[in-house]
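Trainee: coords below, sequence missing:
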């Protein structure tokens, strides 16, 4: 059976602030720069979900796209879109919700929800057009 | 694993084609349930983008992994001439009973061009076929 990868793009936006309450403002400013400004800020995130599997001989698909959309919408988009990442991530605000933290949080939300034999292969998040993050699960 | 000093070169080509997801052996209801709008009776189409990645060492004479002109020739002869402005189910051999999903197309395209690059003594590393900006399928010649 051929192993094929399928990438699907989703978009959401969210606010965040990168700051550690257990450190003083100077430390936060030095480490997180303008991402530590008090009121927070936000991004339009592009989330690419890559699924690995073999095309089903009947349907030619490795996963139903409708089902994948439903899963990603329920597990990721609805709980995170238009929200403040400092409030909604499972790690809370420690460590602060960098995209490195966000991508692992999303992995944990999705990894066990993909119907076998398809599997979650990779997540990519574009935070801005300059910042790209990838995660393929715990080593 | 790539050989030391090997470089990946990716070339993109575009073609436009129609397709329909439909199984003759299923009821209309079942087809509709599984394939949704992709089952609409007269088919529909996409502007496909095909990214082909070639892996090889850099020739010290030319500074190239493979001449881009050769990639273009292979893609034009094997892929674009076969798919462009065609109805895949009706006009491309092999899709009467094989649903032309993006996944199946990626594998099909790999099988058409891999021998050509092999003759050129470079390695086809990846085929990525984008149906639109929100969906792609990728095949690396792997089996499970």
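Mentor: The structure has been received and is ready for your questions. All values derive from a computational prediction rather than experimental measurement.

Trainee: list the contacts for residue 114?
Mentor: Using chain A. Neighbouring residues of residue A:114 by Cβ atoms under 8 Å, 6 or more residues apart in numbering or on different chains: A:51, A:63, A:68, A:71, A:120. The way it works is simple: take the backbone N, C-alpha and C, and place the C-beta from them, glycine included.

Trainee: nope, chain B please
Mentor: Neighbours of residue B:114 in contact, by Cβ under 8 Å, 6+ apart: B:124, B:141.

Trainee: what secondary structure does it sit in?
Mentor: Following DSSP: H, G, I helix; E, B strand; the rest coil, the label given to residue B:114 is helix.

Trainee: What distance do you get for it to chain A?
Mentor: 12 Å (Cβ to the nearest Cβ, to the nearest Å).

Trainee: Can you give me the pLDDT of that residue?
Mentor: pLDDT for residue B:114: 98.

Trainee: what's the spacing between it and residue A:117?
Mentor: 25 Å (Cβ to Cβ, to the nearest Å).

Trainee: got the residues of chain B near chain A?
Mentor: When proximity is defined by Cβ under 8 Å from any Cβ of the partner chain, chain B lies next to chain A at B:21, B:23, B:34-36, B:98-104, B:106-107, B:133-140, B:142-144.

Trainee: Any quick ChimeraX command for the buried ones out of those?
Mentor: Per 16 or more other Cβ atoms under 10 Å in any protein chain shown, the buried members of the residues of chain B next to chain A correspond to this ChimeraX selection:
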select /B:21,23,34,35,98,99,100,101,102,103,104,106,107,135,136,137,138,139,140
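
Trainee: Take the residues of chain B next to chain A and keep only those in strands.
Mentor: Under the assignment DSSP state E, the residues of chain B next to chain A contribute B:135-140, B:142-143 to strands.

Trainee: List the residues that contact the residue located most distally from the centre of chain A.
Mentor: Most distant residue from the mean C-alpha position of chain A: residue A:58, 31.4 Å away (Cα atoms, centre = their mean). When contacts are counted by Cβ under 8 Å, 6+ apart, residue A:58 is found next to residue B:23.

Trainee: what about it, is that helix, strand or coil?
Mentor: coil.

Trainee: Can you tell me how far it is from residue B:28?
Mentor: 16 Å.

Trainee: for residue A:132, same thing?
Mentor: For residue A:132 relative to residue B:28 (Cβ to Cβ), the value is 43 Å.

Trainee: Many thanks, I have nothing further to ask.
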